[in-house]
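K.L.:
would you be able to build a 3D model of this:
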Amino acid sequence: MSWRTVVISKNAKLDYKIGYLVVRGQDTTKIHLNEISTLIIESTAVSMTAYLLSELVKHKIKVVFCDEKRNPSSELLPYYGSHDTSIKVRKQIEWTKDDKATVWTEIVREKISKQAQLLESLKKQEADMLFSYIDELEFGDITNREGHAAKVYFNALFGKDFTRTEENPINAALNYGYSIILSAFNREVVANGYITQVGLFHDNMFNQFNLASDLMEPYRPLVDSTVYYMKPEKFETEEKHIMLEIMNREIFISGKCEYVSNAIKIYTKSIFDALNDKDISLIRFYRNEL
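P.N.:
Numbers count the residues shown, from 1 in each chain. Presented below is the predicted three-dimensional model:
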């Protein structure tokens with residue numbers, strides 16, 4: 001089972017040799033591809049062979065490329081993630097508005113629930129308001145309880161003056177963490193044979209990752225809690241590596257303790273099962289404790 005997140009942060013040449021990623025820098029390091037779930041190219045002073053890129057795709061390893069500021073800017077996605085991609089895409093296009101709205105409602109319910117649970121664990125009185133929003137949730141969230149909850153939630157976590165549009169270390173950390181989670185969901189969407197552009201609720205024509213943007217919502221509080229406890233006054237290499245550890249955090253799903261990276265895999269497949277079988281009881285959400 002792949003589990004390692006590998007970060008290349010310095011000048012290096014990457015190539016492939018007999019099942020291994022070979023990192024040639026000041027020293028030479030070999031890592032077996034079967035151990036890697038995500039490869040992050042944090043420096044623009046890194047070169048990679050086409051052979052390695054091809055093998056990374058075959059092993060369904062998520063590759064994230066960063067810009068000159070070391071922020072995620074793009075990712076490597078295969079054209080086909082499953083042998084039956086064609087039929088999966090046809091099914092995806094045939095999902096009805098009601099089917100998508102039903103699943104989206106459950107995703108929103110779970111997201112707000114996770115936010116409320118985090119506030120409750122921090123002894124924040126705003127948790128009660130979020131729990132009330134769950135009771136008020138309507139089909140398809142037509143009254144936008146998600147949006148109302150988000151405003152209350154972020155103000156409770158980071159202060160009344162906090163907004164998600166400001167440029168500050170907190171938002172930089174949140175955005176970085178969300179990018180890593182989004183990338184992991186893109187990987188699973190493609191691995192299951194679906195396309196990332198066609199979502200359940202998100203339908204921005206400029207967003208190539210609408211579906212992953214939908215599915216990741218309940219996992220955002222994992223990022224939020226990490227940033228809350230980190231209280232970053234700057235956001236540089238050390239802070240980024242703390243955010244990357246989210247993927248190696250252990251949570252419970254389907255009665256088992258799993259790394260976040262594997263929980264995402266289980267949850268994503270359960271969403272597709274729920275959509276295709278029209279049965280939301282098949283959805284497997286994570287729990288922070290058993």
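K.L.:
list the contacts for residue 111?
P.N.:
146, 149, 217-218, 220-221 (C-beta atoms under 8 Å, 6 or more residues apart in numbering). No exception for glycine: its C-beta is placed from N, CA and C like everyone else's.
K.L.:
for residue 220, see how far away it is.
P.N.:
7 Å (C-beta to C-beta, to the nearest Å).
K.L.:
repeat for residue 232
P.N.:
17 Å.
K.L.:
ditto for residue 257
P.N.:
From residue 257 to residue 220 the distance is 21 Å (C-beta to C-beta).
K.L.:
when these two are compared, which one has more neighbours?
P.N.:
The residue with more neighbours, out of residue 257 and residue 220, is residue 220; 19 against 12, by other C-beta atoms under 10 Å.
K.L.:
residues in contact with the more buried one?
P.N.:
Applying C-beta under 8 Å, 6+ apart, the residues contacting residue 220 are 111, 114, 178, 181.
K.L.:
residues contacting the third one?
P.N.:
Listed by C-beta under 8 Å, 6+ apart, the contact partners of residue 178 are 216, 220, 223.
K.L.:
please redo it, this time with the cut-off set to 6 Å
P.N.:
residue 223 (C-beta atoms under 6 Å, 6 or more residues apart in numbering).
K.L.:
before we move on, what about the last one?
P.N.:
With contacts defined as C-beta under 6 Å, 6+ apart, the neighbours of residue 181 are 216, 219.
K.L.:
residue 226 versus that one, what's the distance?
P.N.:
The separation that residue 181 has from residue 226, given C-beta to C-beta, amounts to 11 Å.
K.L.:
quick revisit: among the contacts of residue 111, which one sits closest to residue 277?
P.N.:
residue 218 (20.1 Å; C-beta to C-beta).
K.L.:
read off the pLDDT value for the closest residue to the closest one other than its chain neighbours.
P.N.:
In space, and not counting its chain neighbours, residue 218 is closest to residue 110: 4.3 Å by C-beta to C-beta, 6 or more residues apart in numbering. As predicted, residue 110 sits at a pLDDT of 98.
K.L.:
so residue 110 sits in a helix?
P.N.:
Yes: Residue 110: assigned to a helix according to DSSP: H, G, I helix; E, B strand; the rest coil.
K.L.:
quick check: the gap between it and residue 28.
P.N.:
45 Å.
K.L.:
before we move on, what about residue 117?
P.N.:
46 Å.
K.L.:
please say which of these two ends up with more neighbours.
P.N.:
residue 117 (17 against 10).
K.L.:
the stretch 51-200 of the chain: strands as residue ranges?
P.N.:
62-66, 72-76 (DSSP state E, counting those that start in this stretch).
K.L.:
which SS state does the nearest residue in space to residue 288 that is not next to it in sequence fall under?
P.N.:
Nearest non-adjacent residue to residue 288, counting by C-beta to C-beta, 6+ apart: residue 251, 6.0 Å away. Applying three-state DSSP to residue 251 yields a three-state assignment of strand.
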